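1. fold the following and give me the result.
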Amino acid sequence: MKRKYIVIGLFIGLFFGSIIGAGAVTLCNAKDILYSPSDDAWDIDTVDDALNDLYNACVLGEKPGDGTEGGSGEGNDGSGAMAPVISKDLVPVLIASDGVVTKANTSEKWYDYNNKEWANAVILVDSPSKTYNIGDTIIEDDIESYFVWIPRYRYKLFHANQADGITTKLSESIAQTIEIEFEGTDTPAFAGSQDGEWLTHPAFTNFDVNGIWVGKFETGYKVATSYSSAQVSSSDPTKIQVKPSVYSWRNNSVGNFFKAMYNYNRELDSHMMKNTEWGAVAYLSHSKYGINKEVRINNNSNFLTGYAANTKDAGQSTTNNQPYNTETGYLASTTGNITGVYDMSGGAWEYVAGYRDGTLGSSGLALTEIRETYSKYIDVYPSNSALTTYSNRILGDATGEMGPFHGSYYNNWYDDYSLFAGSSSPWFYRGGVYVHGSAAGQFYFGSYTGGADSNASARLVLLG
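-> Prediction:
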């Protein structure tokens, strides 16, 4: 503690003397430079740390903190969305339409949910040893993973009482704008159960958080140089990357994906996306805050992340598509612009952490692990679930509420595929694969054994 006082004492005079001598008009509040031993506000271990923190606070306008910026209240975009939580290792960023990434100034407006511009952040390679100042361009090679902030919200229930089975085909689309209102943990959660009532989405109440950070792309395998070399059975968290134009990590079991993502960054409570968390992104995408229609399929047959088919009906291809930072690429985003979440239609299909109670399949997970160690990270569905027991849905998971179902299994919003978890296929997967065409989409849900498959990937989530 004393060393930190000494460092600050020695350099404040020199620092401010140099600023004043240069004719600067920058001011620092006393509260920004005083050190409190009861609140370790300054992360100072070296002389360089002291100078960097002083420069950032007094010249760039950044405020020192405990490694967490925002998230304690409503954001500054006027939407009511809670401010993104910028915790350890996360760097708030702006992404230009061409994909250039710069460090954002969180004291200014850096996202706008009213304008469908969602907040983004990155984790750097070798974080936290690499640092950037506000406004600096962050080079792509320094980025390990991209994330998008999904703020806590409630939604108006629209099809809460789904009957099981399949009815006759409907004469018109059942897709509708989902009514959403942002809220915070300081507001009592809404607990509606009937159509027209409000429900705080369970993705947020499960952890009692103001939002979640969702992987912007399907999870990639860090050292893969081809689609085949990204097919690896492993639970190694050091191989995770979440980036555009990389090969999706595939051919892995639910258990391996789950453990790799759980151990990716425990300080940020990292985990494999739950079925309800997929639903939270899908619902926000189909509201006034998102694209409000079906996202374009990623039809890239090399399983490259962030791509979009050139046309809605384009078949699988390595070339008939465009990357995420193009006008065509934006159509595969949940916002219709570069700030959203990609690969929710096509690419690889994605396992999610949601299963039929007591039925482990080929997941590689043990029942004691699920019930004792990982219980809050896995959605559990009734043990009597079968392929069309849509009423066993969890409200908000974007399964049973996407009815009334009709015709064949290609039967929910936009004719996306709909198959519930059952005895031989107890684990949910989402989004569809690049070959699924119109059956793929952010509302697609299917089920599988939990074992490895060459088309199966998964997505990373951090808690806010």
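2. any idea how far residue 325 is from residue 98?
-> Relative to residue 325, residue 98 is positioned 5 Å away (Cβ to Cβ, to the nearest Å). C-beta: built from backbone N, CA, C; applies to glycine.
3. the more surrounded of these two?
-> Neighbour totals were compared for residue 98 and residue 325, and residue 325 leads with 17 against 8 (other Cβ atoms under 10 Å).
4. residues contacting the more buried one?
-> Applying Cβ atoms under 8 Å, 6 or more residues apart in numbering to residue 325 gives the contacts 97, 98, 99, 244, 338.
5. need the max-distance pair from those.
-> 97 and 244 (13.5 Å; Cβ to Cβ).
6. which one of those two has more residues nearby?
-> Comparing residue 97 with residue 244 by other Cβ under 10 Å, the one with more neighbours is residue 244, at 22 against 12.
7. isn't the more buried one right next to residue 342, touching?
-> Yes: in this structure, residue 244 is within contact of residue 342 by Cβ atoms under 8 Å, at 7.4 Å.
8. which neighbours do those two have in common?
-> Contact with both residue 244 and residue 342 is made by residues 216, 217, 305, 306, 324, according to Cβ under 8 Å, 6+ apart.
9. tell me the contacts of the third one?
-> Pointing back at residue 305 there. If you count contacts by Cβ under 8 Å, 6+ apart, then residue 305 has 217-218, 220, 243-248, 298, 324, 342-343, 347 around it.
10. and the residue lying closest to it once chain neighbours are set aside, how close does it get to residue 409?
-> With sequence-adjacent residues excluded and distances taken as Cβ to Cβ, 6 or more residues apart in numbering, residue 305 is closest to residue 217, at 4.0 Å. Per Cβ to Cβ, residue 217 is found 27 Å from residue 409.
11. neighbour count winner among the two?
-> Using other Cβ under 10 Å as the criterion, residue 217 and residue 409 rank with residue 217 on top: 30 against 16.
12. three-state assignment of the more buried one?
-> Assigned with DSSP: H, G, I helix; E, B strand; the rest coil, residue 217 falls in the coil class.
13. next, the distance between the ends of stretch 416-433.
-> Counting by Cα to Cα, to the nearest Å, you get 12 Å between the two ends of stretch 416-433.
14. flag every buried residue along that stretch.
-> Using 16 or more other Cβ atoms under 10 Å as the test for burial, stretch 416-433 gives 416-422, 425-433.
15. filter the contacts of residue 305 down to the buried ones, PyMOL style.
-> Restricted to buried positions by 16+ other Cβ under 10 Å, the PyMOL selection for those reads:
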select buried, resi 217+218+220+243+244+245+246+247+248+298+324+342+343+347
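16. break this protein down into its domains, please.
-> Here the domain assignment for the chain is 2-58, 67-464, based on automatic domain parsing.
17. related to what we said a few turns ago, residue 356: which of the shared contacts of residue 244 and residue 342 is nearest?
-> Closest to residue 356, out of all of those and judged by Cβ to Cβ, is residue 217, at 28.3 Å.
18. do I have it right that the closest one meets residue 243?
-> Yes: the criterion here is Cβ under 8 Å, and residue 217 meets it with residue 243 at 6.3 Å.
19. list residues touching both of the two?
-> 146, 305.
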